[in-house]
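Trainee: I'd like to go over a predicted model; first the sequence, then the structure.
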Amino acid sequence: MVEKPYMLEEIRDSKRPLSVSVSGGKDSMATALWVKELGLHETNPVSYVYADTGWEHPDLTKYIDEVVRPMFAPDFHTVKSTKYPNGMRDLIMAKSAFPSGRMRFCTTELKIVPIRAYLDTLENPINVVGIRAQESHRRSKMDEFEPGGPLGVDCWRPLIDWILGDVIAIHKRHGIKPCPLYYRKRLPLSRVGCDPCIFSKKKEIRSIRPERLDDIRGLEKGLKEKFRQKNPDDERVPTFFSTKNATKPYTIDEAFKWSQTSHGGKKIEMFLPEDGQQGCAYWGLCDLPDKNGEYIP
């Protein structure tokens, strides 16, 4: 873990309000714990902001309500889209389309806009985010401090030089587990957030809950009807997951069936390699008790 005390002292001396973005993921939680551990509440007004998209996994929502919110209350704030009060469902139907790599309106409307509205209530704030260079090539090019960052306010990335071991270590220091979706026994996730994300991998699609499959199936049906009314001669149908072959997209049922296949996407497998893998072993958290002193089952 690389510390930059000069940056920290500049932020302390500024006494500017800090708005810490908290998604419920391991990195944002590590950022919030780090801000708390540094004692920045003593020098700067600090708030923790969670954008509720209405599309989170119930386990993530429970983690926010039972672990994150109580830990940072009364400075924890939930923000939601005022334009799309039911989140993702309202947004998809209003746009008559599913978000995609080229149209990521889900992030814009359900996260950026509500968080930006909250930042507007603060005087000269600093947006604090849990970005780590280790996560991707694009993020490795980001600076720790970016004036006028992506949301139009100065952005501080205190974890930019952290590695995964640092993230695990700070959870352990505070006796806090990350969201249980990371360490569940079957199909543990490598990232949490939208359930599912439009960029989900095969394993993540395989883990989609039946209730969410029903949600997506209903949205696909609703958009198909809208699409056919406007384009009666077009055989294409809007689907949640985009494919390289835009003329033959996968419906949610086809995508879920494909997710059950082994490499190559043709043979259905009853048992796949990651089934039954205990996520806590990967994260090194099997010996960390929860807030009730109980261990991961």
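Mentor: Received it, and whenever you're ready, just let me know what you need. Source: prediction; values computed, not measured.

Trainee: Counting neighbours, what do you get for Leu159?
Mentor: 25 (other CB atoms under 10 Å). Just so you know, the C-beta spots here come from the backbone N, C-alpha and C atoms, and that holds for glycine as well.

Trainee: What strand or helix carries it?
Mentor: For Leu159, there is no host helix or strand (DSSP states H and E).

Trainee: thought it was touching Arg132?
Mentor: Yes - Leu159 lies in contact with Arg132 (CB atoms under 8 Å); the separation is 5.2 Å.

Trainee: residues bridging contact with the two, i.e. touching both?
Mentor: Common contacts of Leu159 and Arg132, defined by CB atoms under 8 Å, 6 or more residues apart in numbering, comprise Asp27, Val167.

Trainee: So for stretch 58-72, first residue to last residue, what's the gap.
Mentor: Separation of the first and last residues of stretch 58-72 by CA to CA, to the nearest Å is 20 Å.

Trainee: swap in stretch 22-29?
Mentor: Across stretch 22-29, first to last residue, CA to CA, it's 6 Å.

Trainee: try stretch 10-22
Mentor: 23 Å.

Trainee: ok, now stretch 117-133?
Mentor: 27 Å.

Trainee: what residue ranges in this protein score low on pLDDT?
Mentor: Applying pLDDT under 70 to the chain flags residues 1-6, 235, 243-248, 263-297.

Trainee: please redo it, this time with the cut-off set to 80
Mentor: Applying pLDDT under 80 to the chain picks out residues 1-6, 185-186, 230-237, 242-249, 262-297.

Trainee: Give me the most central residue, it.
Mentor: Centroid check for the chain by CA atoms, centre = their mean gives Gly193 as the closest residue, at 2.9 Å.

Trainee: Leaving out sequence neighbours, find the closest residue to that one.
Mentor: Spatial nearest neighbour of Gly193, excluding adjacent residues (CB to CB, 6 or more residues apart in numbering): Ser23 at 5.9 Å.

Trainee: So which bits of stretch 142-161 are buried?
Mentor: For stretch 142-161, the neighbour count (16 or more other CB atoms under 10 Å) marks 142, 144-146, 149, 151, 153-161 as buried.

Trainee: Likewise for stretch 79-86?
Mentor: Applying 16+ other CB under 10 Å to stretch 79-86 flags Val79, Lys80, Ser81, Tyr84 as buried.

Trainee: For the host helix or strand of Leu91, name the packing helices and strands.
Mentor: Assessed by DSSP H and E, Leu91 sits inside helix 88-95. Contacts defined by 3 or more CB pairs under 8 Å, 6 or more residues apart in numbering; DSSP states H and E place helix 88-95 against helix 105-107, helix 210-230.

Trainee: ranking those helices by burial, who's on top?
Mentor: Mean neighbours per residue, mean count of other CB atoms under 10 Å, is largest over these for helix 105-107, with a mean of 18.

Trainee: which element follows that one toward the C-terminus?
Mentor: Downstream of helix 105-107, the first helix or strand assigned by DSSP H and E is helix 113-119.

Trainee: what about the strands in the stretch 151-297 of the chain?
Mentor: 154-156 (DSSP state E, counting those that start in this stretch).

Trainee: can I get the helices and strands packed on helix 88-95 in JSON lines with distance to Ala51?
Mentor: Formatted as JSON lines, the helices and strands packed on helix 88-95 follow (distance: least, CB to CB, whole Å):
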{"stretch": "helix 105-107", "distance to Ala51": "9"}
{"stretch": "helix 210-230", "distance to Ala51": "19"}
